[in-house]
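>>> how would this look folded up:
(one chain, ligands or ions: 2)
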Amino acid sequence: MTVSAKVLNYDLKNVVTPNRLTGLWRMMSGFRWHYLGATLSLGVSATAKTLTYILLRFFVDNYFTPGPKPVPLPVVALGFIVLAAFEGGFSFLSGRLSAQTAEGITRRLRNYLFDHIQHLPFSYHRKTQTGELIQRCTSDVDAVRRFFADQAIGVGRIILLFVINFVAILRLNATLGWISIVVVPLVVATSAIFFRRVSKAYEAFQEQDAVLTTTLQENLTGVRVVKAFARQQYEIEKFERDNQEKFKRGKHLVRMHSLFWPASDILCGAQILVGYYVGAMMVIRDEITIGTFLAYMGLVVWIIWPMRNLGRLIVQTSTGLVSFGRVLEIIRQDREPLDEGDVIPDGNLRGELVFEHVGFQYEDGGKVLEDITFSCSPGQVVALLGSTGSGKTTLVNLLPRFYDCTEGRILLDGIDLRRYPRRYLRKQIGIVEQEPFLFSRTIAENITYGVGRDVPQEEIEAAAKAAAIHDSIITFPNGYHTLVGEKGVTLSGGQKQRVAIARTLLKNPRILILDDSTSSVDTETEAEIREALQRLMENRTTFIIAHRIQSIMDADLILVMDKGRIVQRGTHAELVEQEGIYRQIYEIQTRIEAELEKEIENAS
Ligand code: DUT
Ligand code: MG
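Numbering: from 1, shown residues only. Ligands and ions are numbered 1, 2, ... in the order given. All right, here's what the predicted structure looks like:
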């Protein structure tokens, strides 16, 4: 089915309403005519079925006894055939329409969810488990699909069948008509009770299912940690425990279902029995014809069927609603506004940065940055040095506005950072992250990732050479077209870092952030990269985080951080003159290096 772009681009944010049924109704936007078509087809099909029984009555009452026939027998036979064709044909059409629209709605939902998740802020991803998200985007979305494929159209089917057949029986015989619906209130009441219980049981089941997905996903991602610590047994036992819990909850859910069906079967069975008994008595007393009785037997089944399925429908709808609610929890989250901001400079950024009493606090944590004040001119190199957890990564994450500072302000070229759209900033700023992530695509694709256009091979190679990774890449079997395994398993840590550096260099950003990006390369390679970077850092404001003093000695400004504050600042020459952390670190590192050199000398 082709769906128009307008329908596909419908903003699903609208489905977030206090009432989930309203939300589901909105979700059908653009597909409602299809559903009307499906329901009408159902109506035609149901009517044809009912007419078949009326024709049966006509046939039995007129052709089993001698006497004149109203129409020739072949006409009656043809009537049966036509009715059967209508019933089957329209039932097929209805199923097809509803399945197609359910797929259409789900496709739109999936696309929207992916798009939405991509736009959620860092703070959301930080506190949300990946497994939980996967669960909601797959299993829960599928439950929503089932709702639209079966339950949404099921309501129409049930109402139509019930009304059409009830009217038909009433017209055959009023007494039989009323008898055939006495248990309806009971069935509805039973369904309502089960509805609430099944909802709860299903929600618990889905939650546990998400726990299991998270465990599985974490173990696959962290497989190296598990193996390195030889914790397989522990993980297996943990998985088995979680799985056992899921089994328990699943069993509870099945028990709910298995209690419901016999209950409604008994009610419906009793109903049929009474109906047949009364009908048979009426035939004996000559109150109705045999044909009427036969028609009644057929029709009453199609009154009972909707009643039984009303229960099933209500119970299944409860699972659809629960899943829909879980999906809504994602949609409800506010996106990070990428284009909000009133300043977009025409020319290039100069790259002057001023931090004024900047403080920062994560939503749920204590203060991570406090009273950060410094400035740097365009093209300068600022180095951050400090113990682990002192807030270095947090500080540089403020620049592309992954987070906004909670106190003070940051000025970029004299303008408050919060006035620049995030999208603009992120185009201007290149980050080589502390733990770079590579996609399971080719190396070339990874290097060109930030550019978003076709890049000539020479440019890719130039970036790779600058990042000192070109020589390694050409030793791979497919060179630049070598696939990187999930998370770059086939590359070493240092190689990964260097591919990430190449990726950022190709982006050619005005502001460059290197977060510990030479931590997993040896001293020699580091010197190589540093040399290349030196050239690249020209004319760009650069933030460099490193643990080796060697890597930051040439910086224009070195900030020494401790517990979220700047405790020392200056150039290398100034800092070694002062008492303080910097000199201590410097002395330790030079001593270690000297010792190492001596050992190497002795060994050779
Ligand atoms: N922190 C949070 N939430 C986060 C990230 C960090 O609460 O999402 C805390 C942990 C730490 C502090 O903020 O206590 C500073 O973390 P950051 O990552 O900025 O430290 P770092 O200086 O980059 O440390 P490292 O040298 O280990 O990279
Ligand atoms: Mg860090």
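
>>> Going by C-alpha atoms from here, please, whenever you check contacts or count neighbours.
Fine.

>>> Can you pull the residues of this structure lying near ligand 1?
Residues of the chain that fall close to ligand 1, judged by CA under 6 Å from any ligand atom: 362, 365, 368, 387-394.

>>> Repeat the analysis, applying 5 Å as the threshold.
Contact residues (CA under 5 Å from any ligand atom) of the chain with ligand 1: 388-394.

>>> Strands - which of those land there?
Applying DSSP state E to the residues of the chain next to ligand 1, no entry is found in strands.

>>> Most neighbours out of those residues, which is it?
Comparing those by number of neighbours (other CA atoms under 10 Å), residue 392 comes first, having 28 neighbours.

>>> Report the spatially closest residue to that residue, excluding sequence-adjacent ones.
residue 384 (6.5 Å; CA to CA, 6 or more residues apart in numbering).

>>> for the one you found, helix, strand, or coil?
strand (DSSP: H, G, I helix; E, B strand; the rest coil).

>>> Contact partners for it?
By CA atoms under 8 Å, 6 or more residues apart in numbering, residue 384 lies in contact with 392, 543-546, 558-561.

>>> Out of these, flag the one nearest to ligand 1.
Using CA to the nearest ligand atom, residue 392 comes nearest to ligand 1 of those, at 3.7 Å.

>>> where does the helix of greatest length in the chain sit relative to the chain's centre, distance-wise?
Secondary structure of the chain read by DSSP state H shows that its longest helix is helix 232-284. Remark: helix 232-284 is offset 32 Å from the chain centroid, using CA atoms, centre = their mean, to the nearest Å.

>>> on contacts alone, who are the packing partners of it?
In terms of contacts (3 or more CA pairs under 8 Å, 6 or more residues apart in numbering; DSSP states H and E), helix 232-284 is packed against helix 174-179, helix 184-221, helix 290-332.

>>> Now tell me what touches the next helix-or-strand element following the last one from outside.
Read that as helix 290-332. Counting by DSSP states H and E, the next helix or strand C-terminal to helix 290-332 is strand 353-361. Contact with strand 353-361 is made by 367-378, 404-414, as judged by CA under 8 Å, 6+ apart.

>>> can you pull the pLDDT of the residue nearest the centre of the chain?
For the chain, the residue nearest the mean C-alpha position is residue 137 (3.9 Å; CA atoms, centre = their mean). Confidence at residue 137, expressed as pLDDT, is 92.

>>> does it really touch residue 111, like I thought?
No: with contact defined as CA atoms under 8 Å, residue 137 does not reach residue 111; the gap is 10.0 Å.

>>> so what's the nearest residue to residue 321 once chain neighbours are set aside up against?
Among residues not flanking residue 321 along the chain, residue 20 sits closest, at 6.9 Å (CA to CA, 6+ apart). If you count contacts by CA under 8 Å, 6+ apart, residue 20 has them with 321, 324-325.

>>> hmm, 10 Å instead?
Contacts of residue 20 were listed using CA atoms under 10 Å, 6 or more residues apart in numbering, and they are 26, 321-322, 324-325, 328.

>>> do residue 557 as well
So residue 557 contacts 374-376, 380-384, 543, 569-572 (CA under 10 Å, 6+ apart).

>>> Pick the one among those closest to ligand 1.
Using CA to the nearest ligand atom, residue 384 comes nearest to ligand 1 of the contacts of residue 557, at 8.7 Å.
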